[in-house]
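Enquirer: here is my input; please provide its structure:
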Amino acid sequence: METTRVTVDEVSERMARGERFVFLDTRNPTAWAEADTKLPGALRVPADEIEAHLADIPRDRVVIAYCT
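Expert: Down below sits the predicted model:
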């Protein structure tokens, strides 16, 4: 698995070209609950629980993980 940093602009451009993504919100439960902004449709998996949820993450598209 390859890990690469991407900017918001790059993701936006790729989405405009029709590329599909899975957005993975890796904030801890407290940070997520206190957040004013939440990405609709993002999968919520705290960073320290990713291994336990690997089967829940689609593998047919690029995964973009984000946190604060």
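Enquirer: over to the residue minimising distance to the centre of the chain: give its phi and psi.
Expert: If you average the C-alpha coordinates of the chain and look for the closest C-alpha using Cα atoms, centre = their mean, you land on residue 24, 2.3 Å from that point. The main-chain torsion angles of residue 24 are listed as degrees, to the nearest 10 and equal phi -120, psi 110.
Enquirer: got a pLDDT number for it?
Expert: pLDDT, residue 24: 95.
Enquirer: what pairs with it across the strands?
Expert: residue 43, residue 65 (DSSP bridges).
Enquirer: run through the residues that contact it.
Expert: Residues near residue 24 by Cβ atoms under 8 Å, 6 or more residues apart in numbering: 42, 43, 45, 50, 57, 63, 64, 65, 66. Glycine gets a C-beta too; all of them are placed from N, C-alpha and C.
Enquirer: again, only using 6 Å
Expert: With contacts defined as Cβ atoms under 6 Å, 6 or more residues apart in numbering, residue 24 is in contact with 43, 45, 63, 65.
Enquirer: which one among those gets closest to residue 20?
Expert: Closest approach between the contacts of residue 24 and residue 20, by Cβ to Cβ: residue 63, at 10.8 Å.
Enquirer: what packs against the helix or strand that that closest one is a member of?
Expert: Take DSSP states H and E as the rule and residue 63 turns out to sit in strand 62-66. In terms of contacts (3 or more Cβ pairs under 6 Å, 6 or more residues apart in numbering; DSSP states H and E), strand 62-66 is packed against strand 21-25.
Enquirer: great, nothing more from me.
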